[in-house]
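# let's see this in three dimensions:
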Amino acid sequence: MSTDCRKWWMKYTNSKDLDAIGSVLLRHTPQLISISTQRQASVALILRDPGKGPEVLFIQRATSELDPWSGQIAFPGGGKEVFDRSCLDAAIRETLEETGVALMPQMTVGRLDDHQGRNNNRSLNLVISCFVFRIEERPELIPNYEVAEVFWVPLTYLLDPVNAFDYQTAFRSQTYPAIDLGPGESGQSRILWGLTYRFVQNLISVLS
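The predicted structure is shown next:
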């Protein structure tokens, strides 16, 4: 995390709320990737404030040999299907399927930069878009078979440099920037890294 972001985090508790965050995001012009010849996917970064400050919704993907991101921490989302009118619609549909949270287009408060899909350090023919939503209610979380757990993390926790570390996967010797989210309901470690980490850092960069 940059020095500027750390300074912003130190001021965060007294200076930022969902209204301010939404105002900043609405002014952000995201960097988009051409999708004319690439597959499309989209995810939902969902914010809420239960009275203790903004929180972000995450999922832990279920373990599956068919899933290249098996077991990883992610935002709800998935591939754009032929019946989806837009990537925004895909994010809304996938969120409902995976978490039970019903979003609507008018809940959107911004969009982050597109990212090129990657797996095992190789670029994929896939562009992932991230839409930011704000919800007011406390929705019931109903994970489907693709999801092991759905949980909220305070935004201040994600911003705190104490929780950041260099993560080494079981498959590569190199390390990746990451955030330790603590153990999940099953006791399994919840490590935020990779694509979802980059979206979180994009959010922090826009807000700071």
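
# from now on I want contacts and neighbour counts done on CA atoms only, so please keep to that.
OK.

# so the spatially closest residue to M104 that is not a sequence neighbour is in which element?
Here the nearest residue to M104 in space, its sequence neighbours aside, is I92; by C-alpha to C-alpha, 6 or more residues apart in numbering that works out to 6.9 Å. Per DSSP states H and E, I92 falls inside helix 87-99.

# any idea which residue sits dead centre in the chain?
Residue closest to the mean C-alpha point of the chain, counted by C-alpha atoms, centre = their mean, is F75 at 4.0 Å.

# touching, it and A44? I think so.
Yes: in this structure, F75 sits in contact with A44. The criterion is C-alpha atoms under 8 Å, and the distance is 5.9 Å.

# let me see the mean pLDDT of stretch 21-34.
Looking at stretch 21-34 alone, the average pLDDT works out to 92.

# pull the number of nearby residues for G79.
Other residues near G79 number 18, with proximity taken as other C-alpha atoms under 10 Å.

# distance of it from Q38?
For G79, the distance to Q38 equals 11 Å [C-alpha to C-alpha, to the nearest Å].

# what about the helices in the chain?
Secondary structure of the chain (DSSP state H): helices located at 3-15, 18-27, 87-99, 155-159, 194-207.

# coming back round to it: and the helix holding I92, C-alpha only, in CSV?
Coordinates of each C-alpha in helix 87-99 appear next as CSV, following Å, rounded to 0.1, in the frame of the first residue of the first chain:
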residue,chain,number,x,y,z
CYS,A,87,-22.1,-6.8,-18.0
LEU,A,88,-24.0,-4.9,-15.3
ASP,A,89,-26.9,-7.3,-15.7
ALA,A,90,-24.5,-10.3,-15.5
ALA,A,91,-23.1,-9.0,-12.2
ILE,A,92,-26.6,-8.5,-10.7
ARG,A,93,-27.8,-12.0,-11.9
GLU,A,94,-24.6,-13.8,-10.7
THR,A,95,-24.8,-12.1,-7.3
LEU,A,96,-28.4,-13.2,-6.7
GLU,A,97,-27.5,-16.8,-7.8
GLU,A,98,-24.3,-17.0,-5.7
THR,A,99,-25.3,-15.1,-2.5
